[in-house]
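> return atomic coordinates for the entry below.
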Amino acid sequence: MGTPELISPRSPRVTAARRLAKRAFRSKEHRFLAEGPQAVREAVAHRGEDGQPALVELFTTPEAAERYADLLDAAREAGARVLYAPDDVVADLSDTVTPQGLLGVCRFLDAPFEDVLKAGPRLVAVLSNVRDPGNAGTVLRCADAAGADAVILTDASVDLYNPKAVRASVGSLFHLPVAVGVPVEQAVQGLRDTGVRILAADGAGDSDLDDELDAGTMSGPTAWIFGNEAWGLPEETRALADAVVRVPIHGKAESLNLATAAAVCLYASARAQRVRP
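All right, here's what the predicted structure looks like:
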């Protein structure tokens, strides 16, 4: 393994990376931070439409450089600049309480909404007015696990590249197309025009998820709209859907949180689409 380039805490590269904690700088530079070996490994493996890897730079502590020597080699081979930084520098850049010693600077990954439509998606998660970055990242992870073809964040939703959202996605951010800043009306109309059925997930929905499954209505291309953690979906968004569906509560729990409900809905669709005639 080659020796990483030594870097000073006052280096312009450290300053530039530190600024990426703020959304305005992320938007300006089209860069974001991905922390930990899992995220860095996915960033090394990811290639954009132009064939370029997602990872641009990698900051590593001495201990992490030794522990993840193979990952550093892979990052260097992918064209990323590996920077050897003191523990306190990496900790300062980190968004976690216990940093893992690896922090990557990555290119933006989001896909144009038109490209999502052209691919003919069969399962899509639409996050409408979702403000909590942890929930957004977790739903993205659930969508990835369920085999969804894309995730759409509406223009009123949290920044996809918020460090908490990136961390909560646990690498899934690098696995499937994510379109951002799409008005919910545009998202619904575009998906419907490609033959996708629109379902809105809401605890007060008129339709029951079990009934939808029993009726065999979920085997076709489907997009689920998930709303804000606190107040759900407004009436005007519910009105856009072909059906407003509730997850049945068989026990005494008052409700399900956003990420749990999303996982149930997405896996129900994935199962229905995979059942053989």
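
> quick one: contacts of stretch 30-48?
Residues outside stretch 30-48 that contact it (CB atoms under 8 Å, 6 or more residues apart in numbering) are 17, 20-21, 26, 53-56, 58, 64, 68, 71, 74-75, 78, 80, 93-96, 99-100, 102-109, 161, 163, 166-167, 170-171, 173-175. Bear in mind the C-beta positions are built from the backbone N, C-alpha and C, glycine included.

> which among those residues end up buried?
The neighbour-count criterion (16 or more other CB atoms under 10 Å) marks 17, 20, 26, 53-56, 58, 64, 68, 71, 74-75, 78, 80, 93-94, 99-100, 102-107, 109, 161, 163, 166-167, 170-171, 173-175 among the contacts of stretch 30-48 as buried.

> the residues you listed in helices, which ones?
17, 26, 64, 71, 74, 75, 93, 163, 166, 167 (DSSP state H).

> and the two most separated of these?
26 and 74 (24.7 Å; CB to CB).

> related to what we said a few turns ago, least confident of the ones in helices among the buried ones among the contacts of stretch 30-48?
Among those, residue 93 has the lowest pLDDT, at 87.

> so how far is residue 10 from the closest residue to residue 18 other than its chain neighbours?
Spatially, and ignoring its direct neighbours in sequence, residue 18 is nearest to residue 93 (5.9 Å; CB to CB, 6 or more residues apart in numbering). Using CB to CB, to the nearest Å, residue 93 is found at 13 Å from residue 10.

> next: residue 217.
61 Å.

> of the two, who's got more company?
residue 217 (17 against 8; other CB atoms under 10 Å).

> for the more buried one, give me the pLDDT.
Reported pLDDT for residue 217: 90.

> same check, this time on residue 95
What the model reports as pLDDT for residue 95 is 81.

> repeat for residue 5
58.

> ok, now residue 9?
pLDDT at residue 9 comes out at 69.

> equivalent analysis for residue 249, please.
On the pLDDT scale, residue 249 gets 91.

> three-state assignment of it?
Of the three states, residue 249 takes coil under DSSP: H, G, I helix; E, B strand; the rest coil.

> what sits opposite the nearest residue to residue 79 once chain neighbours are set aside in the beta ladder?
Spatial nearest neighbour of residue 79, chain neighbours left out: residue 53 (6.1 Å); criterion: CB to CB, 6+ apart. Taking DSSP bridges as the rule, residue 53 bridges to residue 47.

> okay, now residue 52: neighbour count?
Neighbourhood size, residue 52 [other CB under 10 Å]: 13.

> gap between it and residue 109?
Distance, residue 52 to residue 109, by CB to CB: 11 Å.

> ok, the residue nearest to residue 79 - contacts?
43, 44, 45, 46, 47, 78, 79, 80.

> and it, how far is that from residue 107?
Here the criterion is CB to CB. By it, residue 53 lies 8 Å from residue 107.

> what's the answer for residue 22, then?
Distance from residue 22 to residue 107, by CB to CB: 18 Å.

> ditto for residue 253
Distance, residue 253 to residue 107, using CB to CB: 41 Å.

> for the nearest residue in space to residue 168 that is not next to it in sequence, what is the enclosing helix or strand?
Nearest residue to residue 168, sequence neighbours excluded (CB to CB, 6+ apart): residue 137, at 2.7 Å. Here residue 137 sits within helix 133-145, counting by DSSP states H and E.
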